Each structure stands twice: as structure tokens, then as C-alpha cells.
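Engineer: Here is a sequence together with a model predicted from it:
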Amino acid sequence: MAEQAAMPQAASFPVLKGNAVLFSSFTFGQIGGWLNPVPDDVIAVGLVVSARPVGLAIGFLQSGKPRATLTSIVVAPTFRRQGLGRRLLDAWQAEASVRGASACTASYIEAMSGREGLEALLADAGWTAPRATGLVVVGRVGRMVDAGRSWSSVRDRLAVSRTYTFDPLELTATDVAAVERYLADPEAADMLGPLHQSEHLARDFSIAIRRDGRLVGWLVAAETHRPLLDGTTKEPAIRYLEAYIDPLHRQSGIMVGAYYHCYARQLALLGRDSIAVYYTSHENRPRMVALTQRRFQPIAERVETILSVSVSLIGLENDAQDSVNKFNVYKKELTNNNSIISA
């Protein structure tokens, strides 16, 4: 006999503010750190049944853009198949609309556990069909550096160090203006830049790329503690979040030199077996994707395809305001009953 879904239960979907760590078990990795306190640019909506947290949808507003990114959405197993996931997603989208987003995006690994359920949920809510948008490469930094050292073009590009430099990420007012200008580049549409990263940057591995002293790009990184290879791997890992180079310098190949510089520093500080993770986009950086597949995929521990989906929020204004009104009523009820949420 097919398993029967549990009877729907009364549920509330509060927008989380302040200290919301009681919901941290419903997300992963460093994202849980966004819940104490919840930053202004983070959109976090909880699922509460019988006055206890049983789910979370969390993401963030993209800086300077009318767009929000959904990072994760989770409902506790015993509360699934009751329509609560869809209601939680609707509440999150409504809050994104209230905060000015006209569209939402989400990205995930093709091999992700639970992918089918996520895609079914998003499709039911009108999100686009998934499409491949990039690659994530996971490798041991020693092999990456060895590959760079044996690559004559990398040596040649690094030989022009008097022209290009890879400086610690310390930005002047002129640099900040340059970053904002670069972020207006259509090829930077999916970027946050070194000023707006939601995660704490690993300064030892985040650099400003300069030509003759002028900022022409950046490579920013963060430590990551998610399992990257298998359940027993404990080597330190650095995730290279974002790389950008001025369009005038894209044909120079100097970005390869920038990665090599950071990998060599990671090798020196963390050892050959430390893990390096980086992402490259099919849409904006097809040459880097081709280079990755040719040069790094053979020596990487794992290469994952990234899928992306999106949805328009135009027309949700009334639903969004209704969500706000319901939250205000719910918050008042919680305040009168020793609220589990700091708002």
C-alpha cells in the first residue's frame, strides 16, 4: 500500500530576525552562521508547528540588484508531504518581493542528494527548468600547483610580475569605485564583488589583481568546513568564491596566474593535501570552462556540474503584503507566549 501523507497541521512562517539559531539545524555549513544575528541582506523564513521550529528557507538579496538567491530550503522529515514545503517557499518568495526583489534564483550541484524533490517543489511553484550554468572543481592543491608549474604559459604570464601584481585584498577609495563599476559589467551579473560577500573572507587567499598599480580584478576566497571528498576527509579547505578580470585584460590569461598565486600560497600555508574549490561559469566564462575541462578535470578529485533555476516575482506584491501582515500577527502572539524567535 502506498504511504499516506500525514494530515496537514497548523503552521506559521515567521520572517526571522535577530538571533534565530533554533533554526540552524535546517540548513548547512556556514549558512547556519547567518542566523545569529540574521544580517540585513539575508532573507530567512522559518516554519513553526506547535511552537517549535521544523523548517527553514534562507537566502540573500543580491547587492544593488532587484534579485534574491535562495540558498537552501528544508522541512523536517516528519513534516514532509503535507504541502508545508510549498507554503514555506511561497512565504520566502513573498518576503523577497517585499524587500524589492523582482526575481529569485537558486543554484545546486547536479549530484545533490534530494535533487528530485527540490526540483519538483520549484517546478510546482513556477520556477524555470534547471540548466547547466557552471562547474565546481574540487582538488588537492598540491596537484593543482604541480600542473601550473608544468604549464609553460603560466610561467610566462607570471614572468610579467612587474606589470601585474597579486596584492593582499586591501582596497582604497579608488579601488572601491572600480569594483562598483566592474560589477555593472553584464559578465559580472552573478557576482557580489569583494565588498559584498556574505561570508567571512579568508584574507590569506583573497587578492586584488593590479596592472601597473591599478585595480583590474580580484580573486576572493573563504574557508569551508563542508565535507568535500568523503566522510573521513579532514584536510583544511579553501573555497575560491569569485574571480573577475577587467574585459580589457581577459585575453592576457593573467587570471590563470592569479589562481596559481593563491594555490601556491595555500600549499605553503596549509599543505599539499589541503583542498581547493573553485567555480567557473558556462555562460560568462566559457573559455575558463574549456580550460578547466582540459587541464584540471583530469587531476581533480571531483568536478560537479552546477544547475540553476529562477522565477519572476512580478505580480506578488499583494501576496507579499499579506505575508507581512500575517507575520506581524504571529509575532505578537509569540511575544505574549515567550517567543522562540528574537525579532
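Structural biologist: The structure has been received and is ready for your questions.
Engineer: use CA for all of it now, contacts and neighbours both
Structural biologist: Fine.
Engineer: All the helices of this structure, residue numbers only.
Structural biologist: Assigned by DSSP state H, the helices in the chain fall at 84-98, 115-124, 141-149, 152-158, 173-183, 254-270, 286-291, 317-335.
Engineer: any weak-confidence spans in this protein?
Structural biologist: 1-9, 153-162, 189-190, 198-199, 225-233, 282-288, 315-343 (pLDDT under 70).
Engineer: Please repeat the previous calculation with a cut-off of 80.
Structural biologist: Scanning the chain for pLDDT under 80 picks out 1-9, 29-30, 63-64, 148-162, 187-192, 196-200, 225-234, 250-253, 280-298, 315-343.
Engineer: which residues touch the residue most central in space within the chain?
Structural biologist: The geometric centre of the chain, computed from its C-alpha atoms, lies nearest to residue 71 (CA atoms, centre = their mean), at 6.6 Å. Going by CA atoms under 8 Å, 6 or more residues apart in numbering, residue 71 touches 57, 58, 59, 60, 106, 107.
Engineer: repeat for residue 77
Structural biologist: Contacts for residue 77 (CA under 8 Å, 6+ apart) come out as none.
Engineer: Please render the helices of the chain as JSON lines that adds distance to residue 204 and mean neighbour count to the earlier fields.
Structural biologist: Formatted as JSON lines, the helices of the chain follow (distance: least, CA to CA, whole Å; neighbours: other CA atoms under 10 Å):
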{"stretch": "helix 84-98", "distance to residue 204": "34", "mean neighbour count": "23"}
{"stretch": "helix 115-124", "distance to residue 204": "34", "mean neighbour count": "14"}
{"stretch": "helix 141-149", "distance to residue 204": "15", "mean neighbour count": "19"}
{"stretch": "helix 152-158", "distance to residue 204": "19", "mean neighbour count": "15"}
{"stretch": "helix 173-183", "distance to residue 204": "19", "mean neighbour count": "15"}
{"stretch": "helix 254-270", "distance to residue 204": "8", "mean neighbour count": "20"}
{"stretch": "helix 286-291", "distance to residue 204": "24", "mean neighbour count": "15"}
{"stretch": "helix 317-335", "distance to residue 204": "42", "mean neighbour count": "15"}
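Engineer: Could you take those helices and lay them out as a markdown table, with extra columns for distance to residue 195?
Structural biologist: Shown next, in a markdown table, are the helices of the chain (distance: least, CA to CA, whole Å):
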| stretch | distance to residue 195 |
| --- | --- |
| helix 84-98 | 22 |
| helix 115-124 | 31 |
| helix 141-149 | 26 |
| helix 152-158 | 27 |
| helix 173-183 | 8 |
| helix 254-270 | 19 |
| helix 286-291 | 24 |
| helix 317-335 | 29 |
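Engineer: And those helices: which comes nearest residue 207?
Structural biologist: helix 254-270 (8.0 Å; CA to CA).
Engineer: follow-up on the earlier one: select, out of the helices of the chain, the one closest to residue 246.
Structural biologist: Of all the helices of the chain, helix 173-183 sits nearest to residue 246, with 7.2 Å by CA to CA.
Engineer: Tell me which of the helices of the chain sits nearest to residue 201.
Structural biologist: Taking the helices of the chain one by one with CA to CA, helix 254-270 is closest: 13.5 Å.
Engineer: Which strands and helices lie in contact with that closest one?
Structural biologist: helix 141-149, helix 152-158, strand 164-168, strand 237-245 (3 or more CA pairs under 8 Å, 6 or more residues apart in numbering; DSSP states H and E).
Engineer: buried stuff in stretch 206-213?
Structural biologist: Buried residues in stretch 206-213, defined by neighbour count with 16 or more other CA atoms under 10 Å: 206, 207, 208, 209, 210.
Engineer: Now tabulate those residues in JSON lines and tack on distance to residue 247.
Structural biologist: What follows is the buried residues of stretch 206-213, written out as JSON lines (distance: CA to CA, whole Å):
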{"residue": "206", "distance to residue 247": "20"}
{"residue": "207", "distance to residue 247": "18"}
{"residue": "208", "distance to residue 247": "16"}
{"residue": "209", "distance to residue 247": "13"}
{"residue": "210", "distance to residue 247": "13"}
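Engineer: Out of the residues you listed, name the ones that lie in strands.
Structural biologist: Among the buried residues of stretch 206-213, the residues falling in strands (DSSP state E) are 207, 208, 209, 210.
Engineer: Which of those residues sits closest to residue 34?
Structural biologist: For those, the nearest to residue 34 is residue 207 (24.3 Å; CA to CA).
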